[in-house]
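Engineer: Just to be clear, the model below is a prediction. Sequence and coordinates:
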Amino acid sequence: MDSDVEKNEERKRIKKKKNKNESENSDDEGVKRKEKKRSKIGKKRQKKKEVEEEDLNNRSQKEKTKGYISKSDTENEDRIQNDISDNPAKEKNTNIAKDRKKKKNSQSTAKEDAKLERKKSKEILVTTEPIVDPNVNKPENLNVIGVFVHESEVLEMDFLVCHPVVKVSIVDGSTGQLISKTDPGRRVTSFYENDSVSKILPLMTQPYDFKQKRSIVPKWEELLLFNDNFEKVFEKDKNKNIVMFFEVIDFLPMSVANKNFRRYGQKGGWYRIAWAFLKLVDEDWRSMRFGQRTRLQMYKPSLKVTDGEGTIKDVWTWWKTDRKSKYPSTLWVTVEPVAPPSSSEPALRSMLATQPEHGQHVGFADMRASPDEAQPVVVWSRLPGQSCKVPSKKSLELESGPRGCSALAFSSDGRKLAVASSNQTTSVIRVYDFPSGIFLISLAELYGMVYELSFHKDGLLLAAVGDGSALIWSTNNWVLEDKLSHPSYVYSAQFHPISSSLLATGGFDRVVRIWKKDSDKYSVVQELSGHNNHINCITFDIEGHFLFSGDNKGVIKMWESPENFNQLGFESSTDSFAHFKNKTWSLKREYLTDGPDSGAVCKVAPHPGGRRLLVHTIHPSTPLKMLDLRTGSVMQAYPDIQNFRLPAASCITPCGSWVLGGSDCGIAILWNTDTGEKKHLFKELMYDKPVSAVAFHPLDHAMAVGSIEPNSKVGVYIHDKKMQDQEEKDVGLQATPRESQPLYPRGQVAKLIQDRANPEAEREDARTPVDL
């Protein structure tokens, strides 16, 4: 037992020794590890010190070269380095301090650079700017008041609204009076304002004529200038309540104005459509709408006819009331300061307050001019906008030639009539004065028939000649301006309706040529091909957006213009969705009046109202038809004439109410454009051969008719009221009664319905109806 106890004690002792040795070894290893870590840390610190010292040395050298560091800064850095070497525990804090110091130094250098730049700029300003006296007032802002009236939506349908205008007034909202001028002696709205006018008078836009613009959506797009200081007028301290009123009004026809004259006096001629307002200045604020396109709600007026003198009390009272009846449209306007025009040249009518009026100067030489040189003043019997009357009285008979008359044309001013007559081998163009009929000049003989004549308002005459040329004369001195050569016969030539620098020709070679004037000479800019037969006629539409050409196979092509010749700012009457994206003339559409069996197109003429085209073809019964350009269908036919060969004569009156056509049997007929009723039959012509040319006067109730009958006379007819009254009494010369025509519409569907209901009527009347 003792031996076992001893053995156990020895084992315990041995274990204790082993544990002691292991613990001592582990302590030695831990110490070694710590020493290794310390050595590594020391090496890293030394490397950092070396890097920092190098950075400091480099920076100090750079700053010393710039001159920004002082001796005190270098001493402080040496002291910091000595402290770090003596006490390593401060190293971390010193690094932070160095970083902060670096940031401060960089900020201080940036501030110093900014200060230096400011000093330099101040020195420059002191040298360049003059010395300003604080007691002298600053220059005033010279901008004036500009009111730009843009457009509105469609107005309500009213027969008295044909050419609306916008009247703009600046009113004191508290009193209803017009705002006073800032300077009583200043012209604000008119050049001829006196000192007695102390208020800012209203201004009006130009009328927007629905008929002329071919649109019922008013787009004025006009700037009205009130020549008064903008800042002074709209200063809220002085003018505390300013309202701008916009009145949409129209001037009444004379018949309605005469009825209202006894009740309302002179102001009974204005018809109120709608009104709107724009609040600009109040007691505590000034509007921020200056310079912005603003949309204003319009309201219905309580009184349709204007009254009030010097003020607009009516509109002001409507504005003050709470009950306002909204008008179903809005008005777009812009009010902004505008720089006044520097100089305004004199004009026949002053449009600005700074623009004087200047009439035409008549010198002593003009007063001594001989009666032969001075043209007498002619007063035309047709008023502007009036429908043309039937010219039933023959007033003149003019000479033609051995082969009759081939072309006729009135000048744009109505004072000249050109007659082209043919001889055996040559042609002559004679020019007569109208209405006297005096022979003026005979142009040079031409080797070929003259197929067409065309005047332009710029004082030019264009002739299409069969010798392969188109000739241009000046109507001022009758000098040949240019000769346009072609490879074949020229059958048609027309000026552009707006610009005489552009014209079109067509002829036997099936090509339409566009000519443009450059440096006083015309040259071909484009050739339009696509016709399969020779071209007989060409014409432009009213605005010149489209060109129509008709060939001998009955095909009419419509070409679209690449340029916008629309100077009035409205879309084409022919196609309101036309956009001028092409750079050249391009084909837009083709028409066939009688289907695939259409006869040769002899003449085409645009309707003054647009969207319609008069087409004259070779047809035994109804050669004249009115074509709808939108749908391509025939709207109306004009019967009772026959045409079997070229030439064929037809035209539309300037008002668009009548169609004039000539027949191969030597007569001419006048029809109503819309209904197709025969208005007048010219039996007194007494031609044995076809009527070859007709022309209606642009400003008077007159027309000219010519025939290819040898040595026949060209008849000029004027309107005679007495003769017209006698003809109305004569039953034989009255218009064709409507009872002879079927009461049903002439459409194919209605025709089929009646034929099925009454089969006997189909046997009696075998004529083909016109598709409306």
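Structural biologist: All right, it came through fine.

Engineer: contacts, neighbours, all on C-alpha from now
Structural biologist: Fine.

Engineer: List the contacts of the residue lying closest to Pro164 once chain neighbours are set aside.
Structural biologist: In space, and not counting its chain neighbours, Pro164 is closest to Asp250: 4.6 Å by C-alpha to C-alpha, 6 or more residues apart in numbering. Residues in contact with Asp250 (C-alpha atoms under 8 Å, 6 or more residues apart in numbering) are 160-165, 270-273.

Engineer: Centre of the chain to stretch 628-643, how far?
Structural biologist: 32 Å (C-alpha atoms, centre = their mean, to the nearest Å).

Engineer: Quick check: can you name the pairing partners of the host helix or strand of Leu681 and their directions?
Structural biologist: Secondary structure assigned from DSSP states H and E places Leu681 in strand 678-682. Strand 678-682 sits in its sheet next to strand 668-672 (antiparallel), going by DSSP bridges.

Engineer: Just the CA trace of the strand it pairs with, in PDB.
Structural biologist: Extracted in PDB, the C-alpha atoms of strand 668-672 (Å, rounded to 0.1, in the frame of the first residue of the first chain):
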ATOM      1  CA  ALA A 668     -71.400  82.300-125.700                       C
ATOM      2  CA  ILE A 669     -73.500  81.500-122.600                       C
ATOM      3  CA  LEU A 670     -73.300  82.800-119.000                       C
ATOM      4  CA  TRP A 671     -74.300  80.300-116.200                       C
ATOM      5  CA  ASN A 672     -74.800  80.500-112.500                       C
END
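
Engineer: buried sites along that strand?
Structural biologist: For strand 668-672, burial by neighbour count (16 or more other C-alpha atoms under 10 Å) applies to 668-672.

Engineer: swap in stretch 396-408?
Structural biologist: So, applying 16+ other C-alpha under 10 Å, buried residues of stretch 396-408: 396, 398-408.

Engineer: How about stretch 321-337?
Structural biologist: Counting neighbours by 16+ other C-alpha under 10 Å, stretch 321-337 gives 327, 330-337 as buried.

Engineer: Include pLDDT and distance to Asp700 when you put the residues you listed into JSON lines, please.
Structural biologist: Listed next are the buried residues of stretch 321-337 as JSON lines, based on pLDDT from 0 to 100; distance: C-alpha to C-alpha, whole Å:
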{"residue": "Tyr327", "pLDDT": "95", "distance to Asp700": "42"}
{"residue": "Thr330", "pLDDT": "95", "distance to Asp700": "41"}
{"residue": "Leu331", "pLDDT": "96", "distance to Asp700": "40"}
{"residue": "Trp332", "pLDDT": "95", "distance to Asp700": "41"}
{"residue": "Val333", "pLDDT": "95", "distance to Asp700": "41"}
{"residue": "Thr334", "pLDDT": "93", "distance to Asp700": "43"}
{"residue": "Val335", "pLDDT": "92", "distance to Asp700": "45"}
{"residue": "Glu336", "pLDDT": "91", "distance to Asp700": "47"}
{"residue": "Pro337", "pLDDT": "91", "distance to Asp700": "48"}
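
Engineer: Give me the subset of the contacts of Asp250 lying in strands.
Structural biologist: 165, 270-273 (DSSP state E).

Engineer: Between those residues, which has the least confident prediction?
Structural biologist: In terms of pLDDT, Trp270 ranks lowest among those, with 83.

Engineer: OK, contacts around the closest residue to it other than its chain neighbours?
Structural biologist: Closest residue in space to Trp270, ignoring its immediate chain neighbours: Phe251 at 4.6 Å, by C-alpha to C-alpha, 6+ apart. The contact partners of Phe251, taken as C-alpha under 8 Å, 6+ apart, are 163-164, 269-271.

Engineer: If you go by neighbour count, which of those are buried?
Structural biologist: The buried subset of the contacts of Phe251 - by 16+ other C-alpha under 10 Å - is 163-164, 269-271.

Engineer: Do a quick rundown of the strands in the stretch 151-300 of the chain.
Structural biologist: 165-172, 203-204, 219-229, 242-251, 270-281, 293-299 (DSSP state E, counting those that start in this stretch).

Engineer: would you turn those into a markdown table with distance to Ser469?
Structural biologist: Formatted as a markdown table, those follow (distance: least, C-alpha to C-alpha, whole Å):
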| stretch | distance to Ser469 |
| --- | --- |
| strand 165-172 | 48 |
| strand 203-204 | 51 |
| strand 219-229 | 43 |
| strand 242-251 | 50 |
| strand 270-281 | 55 |
| strand 293-299 | 54 |
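
Engineer: Below-threshold pLDDT in the stretch 151-300 of the chain: ranges please.
Structural biologist: Low-confidence segments of the stretch 151-300 of the chain (pLDDT under 70): 236-239, 260-268, 282-287.

Engineer: switch the cut-off to 80
Structural biologist: Low-confidence segments of the stretch 151-300 of the chain (pLDDT under 80): 195, 214, 236-240, 253-269, 281-289.

Engineer: same check, this time on the stretch 1-150 of the chain
Structural biologist: Ranges of the stretch 1-150 of the chain meeting pLDDT under 80: 1-141.

Engineer: For Lys581, give me the pLDDT.
Structural biologist: 43.

Engineer: gap between Glu50 and Asp482?
Structural biologist: Note on Glu50: its distance to Asp482, by C-alpha to C-alpha, to the nearest Å, is 96 Å.

Engineer: same question, Val659
Structural biologist: For Val659 relative to Asp482 (C-alpha to C-alpha), the value is 34 Å.

Engineer: ok, those two, which is more surrounded?
Structural biologist: For Val659 and Asp482, the more surrounded residue by other C-alpha atoms under 10 Å is Val659, and the numbers stand at 26 against 15.

Engineer: need the contact list for the more buried one.
Structural biologist: Counting by C-alpha under 8 Å, 6+ apart, Val659 has contacts 650-653, 670-673.

Engineer: what do you get for Arg403?
Structural biologist: Neighbours of Arg403 in contact, by C-alpha under 8 Å, 6+ apart: 421-424, 708-711.

Engineer: Recalculate using a threshold of 10 Å.
Structural biologist: 421-425, 427, 449, 707-712 (C-alpha atoms under 10 Å, 6 or more residues apart in numbering).

Engineer: Tell me the buried residues within those.
Structural biologist: Here, 16+ other C-alpha under 10 Å leaves 421-423, 427, 449, 707-712 buried among those.

Engineer: Just send the residues you listed back as TSV, with secondary structure, distance to Glu222 and pLDDT too.
Structural biologist: Output for the buried ones among the contacts of Arg403, formatted as TSV (DSSP: H, G, I helix; E, B strand; the rest coil; distance: C-alpha to C-alpha, whole Å; pLDDT from 0 to 100):
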residue	secondary structure	distance to Glu222	pLDDT
Ser421	strand	50	90
Ser422	strand	52	84
Asn423	coil	56	83
Ser427	strand	51	90
Met449	coil	50	89
Ser707	strand	50	91
Ile708	coil	53	89
Glu709	coil	56	89
Pro710	coil	57	89
Asn711	coil	57	87
Ser712	coil	55	89
